[in-house]
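In: curious how this folds, go ahead:
(chains A and B)
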Amino acid sequence: MRELIKKLTEISSPSGNEDDIRNFIKKEIKNYCDSIETDVMGNLIARINGKKGGKTILFDAHMDEIGVMVNHIDENGFLRFTAIGGFFPFHALVHRIRFQNGVIGVIGEEKRDSSAKVSPLDKLYIDIGAKSKKEAEKMIEVGDMGTYAAETIVTDNRIIAKSLDDRIGCYIMIEAMKKIKKPKNTIYFVFASQEEVGVRGARPAAYRISPDCAIALDVTGTGDTPESAKMEVKLDGGAAIKVKDSGMLTNRKVREKLIDVAKKHKIKYQLEILEHGTTDAFGIQITAGGVPTGAISIPSRYIHSPSEMVSVSDVKACTDLVVAFANDYDA
Amino acid sequence: MNIEKFSNAMGVSGDEWEIRRLLTEEAEKYADSVEIDAMGNIIALKRGTGGKKKLMAVAHMDEVGFLVTGIDESGFLKLGRVGGIDPRVCVDKRVIVGRDKIPGVIMVKPIHLTSRDERGKPVPFSSLLVDIGTEKKEETAKYVKLGDPVAFDTKFEKLSNSMIKGKAFDDRLGCVAIIELLKKRYKHDFYAVFTVQEEVGLRGASVIGERIKADYAIILEGTGAQDFPNKKDINKSPKIGAGPCVTIKDGRSFASKELLKLTVKVAEENKIPFQFKKPGVGGTDAGVLQISGTGIKTIVYATPARYIHSPVSISSVNDLKNKINLTDLVLKSL
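Out: This is a model prediction of the structure:
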């Protein structure tokens, strides 16, 4: 577990440039499915064949992550950048960025307007140690992308890493694929692209598959830290079965089936209502004439930072729920 | 090229009547078939010479503007905004109202009647009214009805051999380019699409993807130039005269890697100048086209235009010609 999570989270693959993570996952799953394909959007779509009369289920986790894209190299060799997805200035300052070609930089800031205010992204820059534009241009081009450089730590009960949003969902799908043997249902696993920039990958993938039901796996926030915003979800509270977020209401039948399955298999769960944010489930639900869609969320603290944190026991509960649902679902 | 005709035409999002008529007439001269869908998009097809793929070029025909939301007791028109317009660019501008093109002026109190304090502040949009020279509500109602489109009244002009001035360069310059491309014939079927309601949320294009199911789509746009005086050492692209802007990433889509690579190759081999648009900002019809159906490979080429979304823009004909040339050669090599 430790090793796979470390590899999945330390790979740098921001939205739109998912090649590295896709190639890694492809190798990891090739022995556990009947077919694998990559579509126009760069989604990786794996299938485990079911039996005649079975249903078609789609599980989705996105493999992209937030990051930065260089939009200018200045005369002194400093880089200006734009955000890929929700890359926030209040997390970013003085953190390290790893570009996909291996170049490392540090995020610095112009003179602050006020010590109380966080500088916006256009007042930040990346210092890659170049002394001039000419030198920097040998290392980086406009359009190059990077992500936080952060070491992944797995303790007995916690995982701390960048990009747990949503590599932890990818991890859960990979583990579930290893456990699902000769199912009655045909099961698709979509490792989706470009979620962080607006749920772009999952929609065309779901359109192609047109499943009977879909479940997205993604992180959600928690309300269990000092003076946090109010939210019922907590770390170690089990798999979070989504009721609503700011993009969607989950399908009632799918949600109730998830709850039934969790109860039947004694899997710890909690219900989730998320005020801000959404997942691939939002896009899947309204494509291909409409898909009954639910979501299993992994409670997570410090989302979109270099130190996202989830609970080992929650991850296990989510995996168990995916496997049980895949086996039990009968519409 | 029809720059003058297309720029002057009226076509505020949601009521693109005049520009649609002109584009349809032009498209019918060169295309094998032309149809208009339920949204009002124009879809022209030029059959290929045997290829199996479907190519598509897309430009939006609509422009930002206003619509009439009310008539006050003194006969002034109240306005609703259609698309992104800064209220600071509206004051004291000439407009045309409705399909009869009733001329009007967006009113402003003259300097004699304003306090020093008022003059230092932008006029909020809610206080902008159009004066069509009538005196009473009843009189205005003879000429104008609720919902009538209101467009800036700007006549196209050439500033020099290469520089042009006019309204709605976003995206009539794309429309001009597509008509030129319809004159050619490619190996694959070529769909020339003019969309509606881009400026209010990419609405026309959102029904195009599934209808045509193209393999490749090139979106031809007009984009806001950033080459204003600015001492800060930041990216100032798009620059006028530096060639068409190729988008790597904007707010709504990433360019297809295959098309991006091909674009750079074709441009370099044929010595066509181009620039990369500063990554990050904006959004085009590519945003919805790319993720429609099972997904389409898209890329955006844009002609830089200064002061877009205002009554008047300035642009370079050379950039437009280079864009047409680049698009033509890329379509040929697909």
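
In: in which helix or strand does the closest residue to chain B within the stretch 101-250 of chain A reside?
Out: Relative to chain B, the nearest point of the stretch 101-250 of chain A is residue A:204 (3.7 Å; CB to the nearest CB). C-beta here means a position set from N, CA and C on the backbone, and glycine is covered the same way. In this assignment (DSSP states H and E), residue A:204 forms part of helix A:202-209.

In: for the record, mean pLDDT for that helix?
Out: On average, the pLDDT along helix A:202-209 is 97.

In: now do stretch A:255-264
Out: pLDDT averaged over stretch A:255-264 gives 98.

In: and it, which residues are buried?
Out: In terms of neighbour count (16 or more other CB atoms under 10 Å in any protein chain shown), stretch A:255-264 has its buried residues at A:255, A:257, A:258, A:261, A:262.

In: now do it: distance to the chain's middle.
Out: Mean-position distance between stretch A:255-264 and its chain equals 24 Å (CA atoms, centre = their mean, to the nearest Å).

In: ok, and what's touching it?
Out: A:215, A:238-239, A:241-243, A:267-269, A:294, A:296, A:321, A:324-325, A:328-329 (CB atoms under 8 Å, 6 or more residues apart in numbering or on different chains).

In: stretch A:229-242 now?
Out: Residues contacting stretch A:229-242 (CB under 8 Å, 6+ apart): A:157, A:220-224, A:250, A:255, A:258-259, A:262, A:267-275, A:279, A:281, A:294-299, A:301, A:309-311, A:313-314, A:317-318, A:320-321.

In: which parts of the chain belong to which domain?
Out: In the absence of a named chain, this looks at chain A. When chain A is parsed with automatic domain parsing, its domains come out as A:2-65+A:162-328, A:67-148.

In: please refer instead to chain B.
Out: According to automatic domain parsing, the ranges for chain B are B:3-63+B:167-332, B:66-152.

In: and the average pLDDT for the longest one is what?
Out: Just to be clear, that refers to domain B:3-63+B:167-332. The model assigns domain B:3-63+B:167-332 a mean pLDDT of 96.

In: and the end-to-end length of that domain?
Out: Terminal residues of domain B:3-63+B:167-332 lie 24 Å apart, using CA to CA, to the nearest Å.

In: and it with chain A, contact?
Out: Yes: between domain B:3-63+B:167-332 and chain A, judged by CB under 8 Å from any CB of the partner chain, the touching residues are B:233-235, B:248-249, B:252-254, B:256, B:276, B:278-281, B:287, B:290-297.

In: now the residue of the stretch 201-334 of chain B found nearest chain A, what's its secondary structure?
Out: Closest approach between the stretch 201-334 of chain B and chain A, counting by CB to the nearest CB: residue B:280, at 3.1 Å. Under the three-state scheme (DSSP: H, G, I helix; E, B strand; the rest coil), residue B:280 adopts coil.

In: how about it: what's its closest non-neighbour residue?
Out: residue A:82 (3.1 Å; CB to CB, 6 or more residues apart in numbering or on different chains).

In: follow-up on the earlier one: residue contacts, the residue of the stretch 101-250 of chain A closest to chain B?
Out: Contacts of residue A:204 (CB under 8 Å, 6+ apart): A:39, A:40, A:41, A:43, A:287, B:291, B:292, B:293, B:294, B:295.

In: repeat that for residue A:159.
Out: A:5, A:152, A:153, A:168, A:309, A:310, A:311, A:312, A:315.

In: the same query, at a cut-off of 7 Å, please.
Out: A:5, A:310, A:312 (CB atoms under 7 Å, 6 or more residues apart in numbering or on different chains).

In: now residue A:79
Out: So residue A:79 contacts A:70, A:73, A:105, A:125, A:126, A:128, A:136, A:140 (CB under 7 Å, 6+ apart).

In: need the three-state assignment for residue A:171.
Out: Residue A:171 ends up helix, using three-state DSSP.

In: isn't it up against residue A:4?
Out: Yes: Residue A:171 lies in contact with residue A:4 (CB atoms under 7 Å); the separation is 6.4 Å.

In: helices of the stretch 1-150 of chain B, start to end?
Out: B:3-8, B:17-30, B:116-119, B:137-143 (DSSP state H, counting those that start in this stretch).

In: out of the ones you listed, which is the most enclosed?
Out: Each of the helices of the stretch 1-150 of chain B was given a mean neighbour count from mean count of other CB atoms under 10 Å in any protein chain shown, and the largest, a mean of 20, is that of helix B:3-8.

In: which secondary structure element contains the residue in the stretch 51-200 of chain A that chain B sits nearest to?
Out: Proximity of the stretch 51-200 of chain A to chain B (CB to the nearest CB) peaks at residue A:82, 3.1 Å away. Secondary structure from DSSP H and E places residue A:82 in strand A:79-84.

In: could I have the CA atoms of that strand written out in PDB?
Out: Written as PDB, here are the backbone C-alpha positions of strand A:79-84 (Å, rounded to 0.1, in the frame of the first residue of the first chain):
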ATOM      1  CA  LEU A  79       9.100  32.700 -14.400                       C
ATOM      2  CA  ARG A  80       5.600  34.100 -14.300                       C
ATOM      3  CA  PHE A  81       2.800  31.600 -14.300                       C
ATOM      4  CA  THR A  82      -0.900  30.900 -14.400                       C
ATOM      5  CA  ALA A  83      -2.800  28.400 -12.300                       C
ATOM      6  CA  ILE A  84      -3.900  25.000 -13.500                       C
END
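
In: show me how far that strand is from its chain's centre.
Out: Taking mean C-alpha positions (CA atoms, centre = their mean), strand A:79-84 and its chain are 21 Å apart.

In: list the contacts of the nearest residue to residue B:31 once chain neighbours are set aside.
Out: Nearest residue to residue B:31, sequence neighbours excluded (CB to CB, 6+ apart): residue B:44, at 3.8 Å. Taking CB under 7 Å, 6+ apart, we find residue B:44 in contact with B:27, B:31, B:34, B:182, B:192.

In: just the closest of the residues you listed to chain A, please.
Out: Using CB to the nearest CB, the contacts of residue B:44 come closest to chain A at residue B:192, 21.7 Å.
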